[in-house]
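S.K.: sharing a model that was predicted from the sequence below.
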Amino acid sequence: MLSEAIRRHTRGEDVVIGIVESHGRKGMRSLSHSSNPFPAKLIEYKGTAFEEMDVDAILARRPTVALVDELAHTNIPGSKHRKRYEDIQELLAAKIDVLSTLTSSTSRASLRPFATSPASPSAKTVPDWVPMTASETVMVDPHSRSFAKPHAPR
């Protein structure tokens, strides 16, 4: 996702980082800091402040491309939308291209029962139709760092 954003930025496209979850990975942090991060919106929930993507600020800025990590993320109560894919739908409706990520084996609702560790059901799922609306999909094996050929959904 970040590599594609850098490529598009190099081509002259206006790219912003809506939100990137680094999960402590140094490479992700350094790549996201070298790009154009967008300030997160702080939302207080049960006495703790959480960072969520500021959808309205991105819409007001009107970039060509927005990076929005973790398509299946469930937003903190008090956010504009309940799920991040709903945030993305709003950006797409405003004609902003979105680059996002999804763990296909655990995040699609119909595949969740077959996940390798079903011990705790995850709220981080999306309806099956959501990834099928993508104009392009790239499959990445995080262990081999290889990429499958991009393809359009059928």
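M.R.: Done, it's in.
S.K.: now do Ile17, the pLDDT please.
M.R.: Looking at Ile17, its pLDDT is 88.
S.K.: now it, what's its secondary structure?
M.R.: Using DSSP: H, G, I helix; E, B strand; the rest coil, the structure places Ile17 in strand.
S.K.: next, count neighbours for Glu136.
M.R.: The local packing of Glu136 (other Cβ atoms under 10 Å) involves 10 other residues. Bear in mind the C-beta positions are built from the backbone N, C-alpha and C, glycine included.
S.K.: check the one 3 residues further on too.
M.R.: One way to gauge burial is a neighbour count; for Met139, by other Cβ under 10 Å, it gives 11.
S.K.: quick one, phi/psi of it?
M.R.: Torsion angles at Met139 (phi, psi; degrees, to the nearest 10) stand at phi -90, psi 130.
S.K.: neighbouring strands - and their directions - for the helix or strand hosting Glu44?
M.R.: Following DSSP states H and E, one finds Glu44 within strand 41-45. Note on strand 41-45: by DSSP bridges, its sheet partners are strand 48-52 (antiparallel).
S.K.: output the partner strand as CSV, restricted to C-alpha atoms.
M.R.: Only the C-alpha atoms of strand 48-52 are listed here, as CSV (Å, rounded to 0.1, in the frame of the first residue of the first chain):
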residue,chain,number,x,y,z
THR,A,48,-9.3,7.2,26.9
ALA,A,49,-8.4,9.1,23.7
PHE,A,50,-8.2,7.0,20.5
GLU,A,51,-7.0,8.1,17.1
GLU,A,52,-9.3,7.6,14.2
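S.K.: contacts for the helix or strand that comes right after that strand next, please.
M.R.: Sequence order places helix 55-61 as the next helix or strand after strand 48-52, per DSSP H and E. Residues outside helix 55-61 that contact it (Cβ atoms under 8 Å, 6 or more residues apart in numbering) are 16, 18, 38-39, 41, 66, 80-81, 87, 90-91, 94, 96.
S.K.: contacts for the strand holding Glu44?
M.R.: Counting by Cβ under 8 Å, 6+ apart, Ala49, Phe50, Glu51, Glu52, Met53, Asp54, Ala57, Ile76, Pro77, Gly78, Ser79 sit against strand 41-45.
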